[in-house]
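S.K.: Fold the stuff below for me.
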Amino acid sequence: MKQQTLAMAADQGAGFETRRKRTRRDEFLDTMNRSVAWTELCAVIEPYYPKRGNGRPPIGWERRLRIHFVQHWFNLADFACEEALYDSTSLPGFVGIDLGGEAVPDATTLLKFRRLLEQHQLGERLFAEVGRVLQASGMKLANGTIVDATLSAAPPSSTKNKQQARDPEMHQTRQGKQWYFGLHIGVDSQSGLAHSAVVTSANVHDKHPLPKWLHGHEQRVDGDSAYASQKALIRDKAPQARDCTNQRTRCAGEVDEVARGKNRNESKIRARVEHVLAIVKRVWGFTKVRYRGLAKNANRAFVALALTNVYLLRRRLMAQVRP
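M.R.: The predicted model follows:
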């Protein structure tokens, strides 16, 4: 075991900071440290991670994965994450860096790790592995899926870049002149956890990725009025599913109050998908994407959804782990 330095002792509360208060960040990091299945997730990355050779030894994959998750939780760019690890007293302890004897990986190192995930589509594999771990812990998929889509603002549409062109994979919508990407997700109707996702340009209608969200064993499918009259698409992927999506209530200027009441009742179930999107966009900061291109943003979206599932089920996961 490595000898403890004064920097590490101070981070653990055993140094000279006798009046340091345990913050909400400390509580959050401790919760996620005990909730995330680090061994299983590291096993996904290990086959693709650089092996130790004659050059500078690579940083451990668990440490790199922890830093990558910190970037998602606190919405940090590479350089901002590097500075936060130097500036914070709680982040280095969570990552496992002893500032008394070693330096923080620089922003270029963090960039290379993210590109490794994007190259091998490991974000989607981490999302699938989290789902497998949660099912092994007792979470079961119910017989219903809730579908929804949301927009994330794209980087500025300026052409002042190397290619002198806008991102060809982003598009405008009717919500003004801003450019967007689309995030489409399928959420289990009982647990409220995301089990599928698709990242598209903003000009792709919600109904087109619909079959990709369904696992095929649903008894019912819930969604807002954007999925109205899509019985054929639902029946093709989930033959036994009942179409419970909200239907349009206005016809020839008149409102069908019966259909409106049914939509109100269905929305009480459909609201669970909004809890997932609220964490991804408002807590993890995915309201605006950071990168150009669908592949990069899809990788971030899948990792964000995986961490959201862990966060929503954190109390059950912590109860299964000895303190």
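S.K.: Give the other helices and strands that the biggest helix by length in the chain contacts.
M.R.: Scanning the chain for the longest helix, with DSSP state H as the assignment, gives helix 294-312. Counting contacts by 3 or more C-beta pairs under 8 Å, 6 or more residues apart in numbering; DSSP states H and E, helix 294-312 packs against helix 24-35, helix 61-73, helix 107-119, helix 122-136, strand 179-188, strand 194-201, helix 272-278. All C-beta atoms are positioned from the backbone trio N, CA, C, and that covers glycine.
S.K.: nearest to residue 223, of these?
M.R.: Nearest to residue 223, of all these, is helix 272-278, at 8.3 Å by C-beta to C-beta.
S.K.: May I see the buried residues of the closest one?
M.R.: 272, 273, 276, 277 (16 or more other C-beta atoms under 10 Å).
S.K.: Equivalent analysis for stretch 78-89, please.
M.R.: In stretch 78-89, counting by 16+ other C-beta under 10 Å, buried: 78, 81, 82, 84, 85, 88, 89.
S.K.: cool, stretch 41-57 as well?
M.R.: For stretch 41-57, by 16+ other C-beta under 10 Å, it's 41, 42, 44, 45, 49.
S.K.: Restricted to strands, list those.
M.R.: Assignment to strands by DSSP state E places none of the buried residues of stretch 41-57 there.
S.K.: In TSV: those, plus distance to residue 66.
M.R.: Shown next, in TSV, are the buried residues of stretch 41-57 (distance: C-beta to C-beta, whole Å):
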residue	distance to residue 66
41	10
42	10
44	14
45	12
49	14
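S.K.: Between those residues, which sits nearest residue 128?
M.R.: residue 44 (8.7 Å).
S.K.: pLDDT score for the closest one?
M.R.: pLDDT, residue 44: 94.
S.K.: what sits against it?
M.R.: 122, 125, 126, 129 (C-beta atoms under 8 Å, 6 or more residues apart in numbering).
S.K.: List the buried residues in stretch 288-296.
M.R.: Quick answer for stretch 288-296 (16+ other C-beta under 10 Å): 289, 290, 291, 292, 294, 296.
S.K.: what do you get for stretch 97-110?
M.R.: In stretch 97-110, counting by 16+ other C-beta under 10 Å, buried: 97, 98, 99, 104, 105, 110.
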